[in-house]
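**Q** Using only what follows, build the 3D model:
(2 chains)
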Amino acid sequence: MSNRLRAPWSLAAIALPVLGGCAAQMQPVADFGAAANRLAIVYKPFTAGMAASCEQRRRYVALGNPGAFDDAATQRDAARECGPLKEAGATAALFGQALAEYATALAKVSGAKATAFDGDIRNISGAAAKLDTREGTPLFDSTKLSAAGKIARAAAAMVAEERLQVLTRATLQDNQDALKIVVEAMQTYANAIYAGQLTDTHDIMTGELGRLVAASNAPTQADVEGRLPWRFAQTAARTDIAANELEARRVHAFAKAGDALVAAHADLIANFDKIGGARRLELVAAFVAQVQAINDDAAAL
Amino acid sequence: MSPAQPSAADIAAAALAATAAPTDADTADAMARLADVAGHASTVLFNYRRDNPQASDLDQALNLEMTLDKRAIDLRVQAVKLLGAQAADALAQLKDASQKVDDFLAGVKKIEGQLVIASAVIGLAGAALVGDAGGILSAVVSVDAALAAAKS
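**A** Reported below is the predicted structural model:
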């Protein structure tokens, strides 16, 4: 059962309809919130993924280097060398948290059950406070941090006042620019920075796979036994490459869905007067479909 | 075609003229693009080592490869940090130089050329990490010269 139905949300679910017309169900808002939250979930692995991909590249490079080879030592070296990317990724993760909280809050105050991804809706975890503590660091510029803090605080306010508050056009309008800034920062991280790291790692792995295939050639039956390590090793390399390619596809799909997210949010604002009775809005539905496609691609692996 | 070598005064004038602040996205994209080039050049050198185990310049290739790899990491961290307000012209040239090197690496077969280009890219990456517009422009000139020499 979804956490969404746990107290205090179960109380809120009762309270909202009781408040009558002031809390009409807003299905498009619920659908938008749940899909945006799902997109933040898609983004989350990217933030740890950059350091992990860097380490993977380092391990493959080490396999091809002369001299002694100790797998554990190689991993330690890779983790040390790629360490700065881990810290950068941790900060990049805060943008995803801010988006998730805003999206979750919208889904909760909508008074409706999302058509898709409703099971992902969780409680607010307090990204606003975490973002505040990052304000003094040099990671990301203050404009973007302010934007992330703004939507995180909006989320907290919506939740705190849920029993009384009606979602207003002003709430959405007030956060449209901040949402756009946050999503663009996430897109830049994913599509310009993380994607480059994935490509670097992919190139090294495909080169090594080619060498494994070449080394696997056994001119005679008597040569086969000696080639078995290379032949078996191909499977692991192909698995790594497939995972890398899936991640790259998810990154590109995420970037595209980010544009759809911002457009869908604007659609909610533009059609706010109608969303109380509307089952769907075109741009929201298109956004939900894009997020669903990302999920389907991952499930296909 | 060999580009005309700008004088120090030309470089200084260009750096002084480049005063417009780029957007944060421009800065991050330029850094990310250069990181991609450094990573690509590192991969080219790795493949060279792996495919030419008897070559006489393996140590030099390994050294450059590792340096480029480290630069790629640093540049990606820098891209995330979005530090510094580099001059717009320097950024434009940074992107242009990155594209030229990438195009070159895609076609070149001679390792001598790759090593020269790799050294120039390391210099460019260092300048970009410092965030100094004049240093970037100067390093771009070195990359252009290295490309011209490698093509001749």
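**Q** what does the model give residue B:112 for pLDDT?
**A** At residue B:112, the pLDDT value in this model is 66.
**Q** How about residue A:64?
**A** 91.
**Q** count of neighbours near it?
**A** If you count neighbours by other C-beta atoms under 10 Å in any protein chain shown, residue A:64 ends up with 15. Using the backbone N, CA and C atoms, a C-beta is placed for each residue, glycine as well.
**Q** does the residue of the stretch 201-301 of chain A found nearest chain B count as helix, strand or coil?
**A** Distances between the stretch 201-301 of chain A and chain B by C-beta to the nearest C-beta are smallest at residue A:203, namely 4.6 Å. Judged by DSSP: H, G, I helix; E, B strand; the rest coil, the three-state class of residue A:203 is helix.
**Q** ok, now which ones touch the residue lying closest to it once chain neighbours are set aside?
**A** Spatial nearest neighbour of residue A:203, excluding adjacent residues (C-beta to C-beta, 6 or more residues apart in numbering or on different chains): residue B:43 at 4.6 Å. Applying C-beta atoms under 8 Å, 6 or more residues apart in numbering or on different chains to residue B:43 gives the contacts A:200, A:203, A:204, A:207.
**Q** nearest spatial neighbour of the last one, skipping sequence neighbours?
**A** Just to be clear, that refers to residue A:207. Closest to residue A:207 by C-beta to C-beta, 6+ apart is residue B:47, at 5.2 Å.
**Q** so the one you found is in which element?
**A** Taking DSSP states H and E as the criterion, residue B:47 maps to helix B:24-51.
**Q** burial count for residue B:37?
**A** 28.
**Q** now do residue A:205
**A** Count around residue A:205 with other C-beta under 10 Å applied: 21.
**Q** Hmm, residue A:59 and it touching each other?
**A** No - using C-beta atoms under 8 Å, residue A:205 is not in contact with residue A:59, being 9.9 Å away.
**Q** wait, does stretch A:76-96 contact chain B?
**A** Yes - contact between stretch A:76-96 and chain B, assessed by C-beta under 8 Å from any C-beta of the partner chain, occurs at A:81, A:82, A:84, A:85, A:87, A:88, A:89, A:91, A:92.
**Q** Lowest-confidence member of these, which is it?
**A** Among the residues of stretch A:76-96 next to chain B, pLDDT bottoms out at residue A:91, giving 74.
**Q** quick one: that residue from residue A:258, how far?
**A** 18 Å (C-beta to C-beta, to the nearest Å).
**Q** for residue A:284, same thing?
**A** With C-beta to C-beta as the criterion, residue A:284 and residue A:258 are 15 Å apart.
**Q** backbone phi and psi for the spatially most distant residue from the centre of chain A, please?
**A** Largest separation from the mean C-alpha position in chain A: residue A:222, at 50.7 Å (C-alpha atoms, centre = their mean). Phi and psi for residue A:222, reported as degrees, to the nearest 10, are phi -70, psi -20.
**Q** pLDDT at it, what is it?
**A** 96.
**Q** Pull up the gap between the residue nearest to residue A:56 when sequence neighbours are not counted and residue B:40, please.
**A** Take residue A:56 and drop its neighbours on the chain: the residue closest to it by C-beta to C-beta, 6+ apart is residue A:201, 5.4 Å away. Counting by C-beta to C-beta, the separation of residue A:201 from residue B:40 is 12 Å.
**Q** pull the helix or strand with minimum mean pLDDT from chain B.
**A** Using mean pLDDT, DSSP states H and E, helix B:8-17 stands out as the lowest-scoring helix or strand of chain B, at a mean of 39.
**Q** Near chain A, which residues of chain B? Just list them.
**A** Counting by C-beta under 8 Å from any C-beta, chain B comes close to chain A at B:24-25, B:28-29, B:32-33, B:35-36, B:39-40, B:42-43, B:46-47, B:49-50, B:62, B:69-70, B:72-74, B:76-77, B:79-83.
**Q** what about the residue nearest the centre of chain A, distance to residue A:194?
**A** Residue closest to the average C-alpha location in chain A (C-alpha atoms, centre = their mean): residue A:43, at 1.2 Å. Per C-beta to C-beta, residue A:43 is found 10 Å from residue A:194.
**Q** Next one, pLDDT for residue A:13 please.
**A** 42.
**Q** and residue A:201 and residue B:40? which has more neighbours close in?
**A** residue A:201 (27 against 22).
**Q** these two touch, right, the more buried one and residue A:60?
**A** Yes - shown here, residue A:201 and residue A:60 form a contact pair, counting by C-beta under 8 Å, at 7.4 Å.
**Q** Per-residue pLDDT of the residue nearest to the centre of chain A, please?
**A** On the pLDDT scale, residue A:43 gets 94.
**Q** List the buried residues of the helix or strand containing it.
**A** Per DSSP H and E, residue A:43 falls inside helix A:27-63. Across helix A:27-63, burial judged by 16 or more other C-beta atoms under 10 Å in any protein chain shown covers A:27-43, A:46-47, A:49-63.
**Q** following that helix, which helix or strand comes up?
**A** By DSSP H and E, the next helix or strand past helix A:27-63 is helix A:71-81.
**Q** Below-threshold pLDDT in the stretch 1-150 of chain A: ranges please.
**A** Applying pLDDT under 70 to the stretch 1-150 of chain A flags the ranges A:1-25, A:123-146.
**Q** What is the neighbour count of the residue of it found nearest chain B?
**A** Going by C-beta to the nearest C-beta, chain B is nearest to residue A:88 of the stretch 1-150 of chain A, at 3.9 Å. Applying other C-beta under 10 Å, we find 24 residues neighbouring residue A:88.
**Q** Setting the sequence-adjacent residues aside, check what's closest to it.
**A** The nearest residue in space to residue A:88 (C-beta to C-beta, 6+ apart) is residue B:80, at 3.9 Å.
**Q** and that neighbour, what element?
**A** Per DSSP H and E: helix B:58-81 holds residue B:80.
**Q** mind listing what the residue nearest to residue A:56 touches?
**A** A:53, A:54, A:56, A:57, A:60, A:244.
**Q** Please repeat the previous calculation with a cut-off of 10 Å.
**A** A:52-61, A:240-241, A:244, A:247-248, B:39, B:43 (C-beta atoms under 10 Å, 6 or more residues apart in numbering or on different chains).
**Q** Please apply the same query to residue A:151.
**A** Shown in contact with residue A:151 (C-beta under 10 Å, 6+ apart): A:95, A:98-99, A:101-103, A:105, A:127-128, A:131, A:174-179, A:181-183.
**Q** list residues touching both of residue A:201 and residue A:60?
**A** With C-beta under 10 Å, 6+ apart as the test, residue A:201 and residue A:60 both reach residue A:240.
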